[in-house]
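> got a predicted structure here, sequence first:
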Amino acid sequence: MARTKIVVTGGAGYIGSHAVVELYEAGYQPIIIDDFSNSQESVLDGIKDILGVAVPCYRIDCGDEAALRGVFDQEADIRGIIHFAAFKAVGESVQQPLKYYQNNVGSLITLLKVMPDYGVANLVFSSSCTVYGIPDQLPVTEQTPTKPATSPYGNTKKICEDILNDVASVSNGAIRTILLRYFNPIGAHESARIGELPLGVPNNLVPFITQTAAGIREKLTIYGDTYDTPDGTNIRDYVHVVDLAKAHVVAVQRLLDAKGEAVETFNVGTGRGNSVLEVVQAFERATGQKLNYTIGPPRTGDVPAIYADVTKATQELGFKTTATLDEALASSWKWQQSLGK
Ligand code: UFG
């Protein structure tokens, strides 16, 4: 039987590449759209090594409507889209807001314009726990009120959620969407053939840790230890990227089955909060590497503490996390080692 075709925009990115692998292994035919503006062609080799087959890839910007239509013309019977493609550097978004609004909001609008013309109804959207801002209560559920974004990047996620709610609610089933609000993805595929591949100096904690342990960076700076948390450092919900990728597979199937409302929102995290210091300790424990770190001043815009209530995803999607923090960090380290220096 022919595999069900699912377009994965940003499929050469960190979460996207892991979703491509999980989709294929679950019996779907992923089709990658990526402009490689923040990813490398070598990711396609990694995916091919894992799956034993190459996944089709179109090198286009999915905000380019004509090019996008070209993909839909060429690939008959696309049944769903997972839309990862977006810029994601919070600091850069403050400096270059238009770049973020144009790309992140523009590409979603383009997709939503094109989808109905090709009878594609199903869209899974990459949202973020950033929409909760600094929450009044922990853990956050999907009902926790959203707050004004603290960066243009965060605002693009909020705006895209609003757009999808507005469009899906009046589309009479022509657009059905699942918004997945990710917490902090970490880790890498067990094969160490794909993983997080930041270009330049990493903004995120775990790649900075692994690059420091590998000797690429001199030391990790922990951004503040005087927050109102048990050890004074920020608390986040670190979810293994393969667990997160699997949530997309289930979400796609739920849309294909036309279960649920026209728009549904799910938190995807572990339900556990860990402090930055706990992550450092877990990394040392899981890898046997001693990490050079120092305490620095807080980073502007950081939320003191956030972690997910994942009851809804557990009950409705059957989502469960399989990896512990230590296992996730060990996989990040294995991936870092596979890259060399
Ligand atoms: N941190 C450090 N030192 C570093 C890097 C990070 O101490 O060198 C700390 C941060 O202060 C934070 C934690 O590690 O407390 C995690 O930081 P990340 O940058 O890895 O992740 P964030 O939680 O800040 O950001 C993530 C995503 C963003 C998203 C945000 C909220 O990377 O895209 O969650 O959803 F906007």
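That came in fine, so what should we check first?
> contacts and neighbour counts: CA atoms only from here.
Noted.
> tell me the SS of G80?
strand (DSSP: H, G, I helix; E, B strand; the rest coil).
> helices or strands next to the strand or helix carrying L180 in the packing?
L180 belongs to strand 176-182 when assigned by DSSP states H and E. Where contact means 3 or more C-alpha pairs under 8 Å, 6 or more residues apart in numbering; DSSP states H and E, strand 176-182 is packed against strand 122-128, helix 152-170, helix 241-256, strand 263-268.
> now with 10 Å?
strand 78-83, strand 122-128, helix 152-170, helix 241-256, strand 263-268 (3 or more C-alpha pairs under 10 Å, 6 or more residues apart in numbering; DSSP states H and E).
> sheet partners, orientation included, of the last one?
As defined by DSSP bridges, the strand partners of strand 263-268 come to strand 176-182 (parallel).
> tell me what the following helix or strand past the strand it pairs with is packed against?
Using DSSP H and E, the helix or strand that follows strand 176-182 in sequence is strand 184-186. Judged by 3+ C-alpha pairs under 10 Å, 6+ apart, the packing partners of strand 184-186 are helix 14-25, helix 205-213, strand 238-240, helix 241-256, helix 325-339.
> which other residues reach strand 184-186?
By C-alpha atoms under 10 Å, 6 or more residues apart in numbering, the residues outside strand 184-186 that reach it are 14-15, 128-129, 195-196, 204-207, 236-245, 268-270, 306-307, 325, 328-329, 331-332.
> what about the ligand: which of these touch it?
By C-alpha under 6 Å from any ligand atom, the members of those lying near the ligand are 128-129, 204-205.
> neighbour-wise, give me the winner out of the residues you listed.
C129 (26 neighbours; other C-alpha atoms under 10 Å).
> for it, which residues are in contact?
135, 140, 142, 146, 154, 157-158, 180-184, 237, 267-269, 306-308.
> and S331, what does it touch?
186-192, 195, 240, 286-287, 323, 325, 337 are the contacts of S331 under C-alpha under 10 Å, 6+ apart.
> returning to what we had before: whichever of the contacts of strand 184-186 end up buried, select them in PyMOL.
When burial is assessed using 16 or more other C-alpha atoms under 10 Å, the buried subset of those is captured in PyMOL by this command:
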select buried, resi 14+15+128+129+195+196+205+206+207+236+237+238+239+240+241+242+243+244+245+268+269+270+306+307+325+328+329+331+332
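> so which residues of the stretch 1-150 of the chain form helices?
For the stretch 1-150 of the chain, applying DSSP state H, counting those that start in this stretch gives helices covering 14-25, 42-51, 65-74, 90-95, 97-100, 106-114.
> quick one: which of those is nearest R254?
Nearest to R254, of all these, is helix 14-25, at 13.5 Å by C-alpha to C-alpha.
> quick one: the closest one to helix 241-256, angle?
Orientation of helix 14-25 against helix 241-256 (axes from the mean of the first three to the mean of the last three C-alpha atoms, to 10 degrees) gives an angle of 60 degrees.
> other SSEs contacting helix 14-25?
strand 5-9, strand 29-33, helix 42-51, strand 78-83, strand 184-186, helix 241-256.
> export the ones you listed as JSON lines, with columns for mean pLDDT and distance to A282.
Below are the helices and strands packed on helix 14-25 laid out as JSON lines (pLDDT from 0 to 100; distance: least, C-alpha to C-alpha, whole Å):
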{"stretch": "strand 5-9", "mean pLDDT": "98", "distance to A282": "33"}
{"stretch": "strand 29-33", "mean pLDDT": "98", "distance to A282": "34"}
{"stretch": "helix 42-51", "mean pLDDT": "98", "distance to A282": "27"}
{"stretch": "strand 78-83", "mean pLDDT": "98", "distance to A282": "32"}
{"stretch": "strand 184-186", "mean pLDDT": "98", "distance to A282": "13"}
{"stretch": "helix 241-256", "mean pLDDT": "98", "distance to A282": "17"}
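> now for the nearest residue to H248 once chain neighbours are set aside: which residues touch it?
Excluding the flanking residues, the one nearest H248 by C-alpha to C-alpha, 6 or more residues apart in numbering is A19, at 6.8 Å. Contact analysis of A19 by C-alpha under 10 Å, 6+ apart lists 8, 11-13, 25, 30, 82, 84, 241-249.
> check what pLDDT A19 gets.
Listed pLDDT for A19 reads 99.
> and it, how far is that from the ligand?
17 Å (C-alpha to the nearest ligand atom, to the nearest Å).
> all good on my end, thank you.
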